[in-house]
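**Q** this one's sequence-less:
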């Protein structure tokens, strides 16, 4: 009898391990799900099971999908001459929500970090070089985060690609759409000023 | 091919319906789980499935457990003479974390609300009266939230219990442990002053 609620406690403990959820919000989520069993809990269990079985990394770009080669790499509508390099799958999804980029991606899986002993080989950088050499790529767009680690990694990749016949670009830096100058950091304002354009 | 990532999108959509998670944190959680498939995703799917099958409301008090009568109602260590009335299972769990109360509970499942058409019959209040009449209850502790709805409900229950031979009490109101006066609302300070005790 003592462990009859063990199942529920185990579930709360697992939920609390998700990013963005702590013990309190995990408890709330579990109670909510128990109340919406047929509409939410069972479908969620099934969806998790399904994705746990089918999700895989694209062998070419590192995107997550349900096939060995992801939708974007397979698609004939995407421009094969452009590769957009991102740190993480979440960044790829963010780029896709922008609906602007029509090329393909390359997901590094992180940034270079001496502290965490993450070198180029941990980051799918050799695979990027190979793709650029073999796939007729004309432009590599570095869409890494504007952090120190992101920019260090961008510089490293640009160095590696220098000998190859490929254009290397990066995302523009400046004032975000809807941004107010008073709330921007000095670095962003300097960058936006340096990259000013005629109106 | 177009819907090969449908599974993942469905999962994100379901996760985003949990309280405390929006689309962005749902995406983060799903990517995190895909990376920790064996350690987190599969166990979570199994735990959800398990709880979806086994979780049920205690027929006596409304607590959530895995048996028809919950652990607390079954336990011979709990004092049968005291019933603590709470709004929700989350409140019951909060009381249990306090490890102070040794009686049993009665979960209302909400508060009276004219606006939402929630009357006594929607709230397991008749069941509370029956328990008090039949189970030799000496004290009913109203541990409802200190909100308008919670206190309205508490007054209603106290009225209903008036004719019965039972003591009705409520949680003390005052300064929370670790609380600073400067950050407390006026109502709390007034309540704490009114209920002051000799030092």
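**A** Perfect, I can see it now. Please read all numbers here as calculations on a predicted model, not as lab measurements. Numbering: from 1, shown residues only, chains lettered A, B, ... in the order given.
**Q** Wasn't residue A:77 part of a strand?
**A** No: under the criterion used here (DSSP: H, G, I helix; E, B strand; the rest coil), residue A:77 is coil, not part of a strand.
**Q** wait, what's in contact with the residue nearest to it when sequence neighbours are not counted?
**A** Ranked by Cβ to Cβ, 6 or more residues apart in numbering or on different chains and with sequence neighbours excluded, the top spatial neighbour of residue A:77 is residue A:102, at 7.5 Å. (Glycine included, C-beta is placed from N, CA and C.) By Cβ atoms under 8 Å, 6 or more residues apart in numbering or on different chains, the contact set of residue A:102 is A:77, A:78, A:79, A:82.
**Q** Could I get the average pLDDT for the helix or strand where residue A:52 lies?
**A** Secondary structure from DSSP states H and E places residue A:52 in helix A:42-54. Throughout helix A:42-54, pLDDT has a mean value of 94.
**Q** can you check stretch A:66-84 too?
**A** 93.
**Q** residues of it that come out buried?
**A** Under the neighbour-count criterion of 16 or more other Cβ atoms under 10 Å in any protein chain shown, stretch A:66-84 has A:66, A:69, A:70, A:71, A:72, A:73, A:74, A:78, A:82, A:83, A:84 buried.
**Q** looking at it, the first one is touching residue B:7, isn't it?
**A** Yep, that's residue A:66 we're talking about. Yes: Residue A:66 is within contact range of residue B:7, at 5.8 Å (criterion: Cβ atoms under 8 Å).
**Q** what's the overlap in contacts for the two?
**A** With Cβ under 8 Å, 6+ apart, residue A:66 and residue B:7 have common neighbours A:54, A:55.
**Q** buried ones in the worst-scoring helix or strand of chain A on mean pLDDT?
**A** Using mean pLDDT, DSSP states H and E, the weakest-scoring helix or strand in chain A turns out to be helix A:186-194, at a mean of 85. Across helix A:186-194, burial judged by 16+ other Cβ under 10 Å covers A:188, A:191, A:192.
**Q** Looking at these, which is nearest chain B?
**A** Taking Cβ to the nearest Cβ as the measure, residue A:188 is the one of the buried residues of helix A:186-194 closest to chain B, at 21.8 Å.
**Q** picking up where we left off before, want to throw the contacts of residue A:102 into TSV with distance to residue B:16?
**A** Shown next, in TSV, are the contacts of residue A:102 (distance: Cβ to Cβ, whole Å):
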residue	distance to residue B:16
A:77	28
A:78	27
A:79	31
A:82	31
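**Q** What is the most widely separated pair among these?
**A** A:77 and A:82 (12.9 Å; Cβ to Cβ).
**Q** Burial check on residue A:167, number of neighbours?
**A** 12 (other Cβ atoms under 10 Å in any protein chain shown).
**Q** picking that back up, could you give the angle of the helix holding residue A:52 to helix B:42-54?
**A** 150 degrees (axes from the mean of the first three to the mean of the last three Cα atoms, to 10 degrees).
**Q** gap between helix A:42-54 and the chain center?
**A** 22 Å (Cα atoms, centre = their mean, to the nearest Å).
**Q** List the buried residues of that helix.
**A** Result for helix A:42-54 [16+ other Cβ under 10 Å]: buried residues A:42, A:43, A:44, A:45, A:46, A:47, A:48, A:49, A:50, A:51, A:52.
**Q** on contacts alone, who are the packing partners of it?
**A** helix B:6-15, helix B:23-35, helix B:42-54 (3 or more Cβ pairs under 8 Å, 6 or more residues apart in numbering or on different chains; DSSP states H and E).
**Q** helices and strands around whichever helix or strand comes after that helix, which ones?
**A** As assigned by DSSP H and E, the chain's next helix or strand after helix A:42-54 is strand A:56-57. For strand A:56-57, the packing partners by 3+ Cβ pairs under 8 Å, 6+ apart come out as strand A:64-65.
**Q** can you tell me if the strand it packs on touches chain B.
**A** Yes: judged by Cβ under 8 Å from any Cβ of the partner chain, strand A:64-65 comes into contact with chain B through A:64, A:65.
**Q** Surely residue A:83 is within a helix?
**A** No: secondary structure of residue A:83 (three-state DSSP): strand, not part of a helix.
**Q** residues contacting it?
**A** Residue A:83 sits in contact with A:103, A:104, A:105, A:106, A:128, A:131, A:132, A:137, A:139, A:140, A:141, where contact means Cβ under 8 Å, 6+ apart.
**Q** Show me the beta-bridge partners of it.
**A** Beta-bridge partners recorded for residue A:83 (DSSP bridges): residue A:104, residue A:140.
**Q** separation between it and chain B?
**A** From residue A:83 over to chain B the distance is 20 Å, taken as Cβ to the nearest Cβ, to the nearest Å.
**Q** Any idea how many residues pack against residue A:19?
**A** Residue A:19: 10 neighbours (other Cβ under 10 Å).
**Q** Show the contacting residues for it.
**A** B:25, B:28, B:29, B:32 are the contacts of residue A:19 under Cβ under 8 Å, 6+ apart.
**Q** Residue A:156 too?
**A** A:112, A:120, A:125.
**Q** rerun that using 10 Å as the cut-off
**A** Neighbouring residues of residue A:156 by Cβ atoms under 10 Å, 6 or more residues apart in numbering or on different chains: A:111, A:112, A:119, A:120, A:123, A:125.
**Q** For PyMOL, write a command that selects the buried ones of those residues.
**A** For the buried members of the contacts of residue A:156, the matching PyMOL selection, counting by 16+ other Cβ under 10 Å, is:
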select buried, chain A and resi 111+112+120+123+125
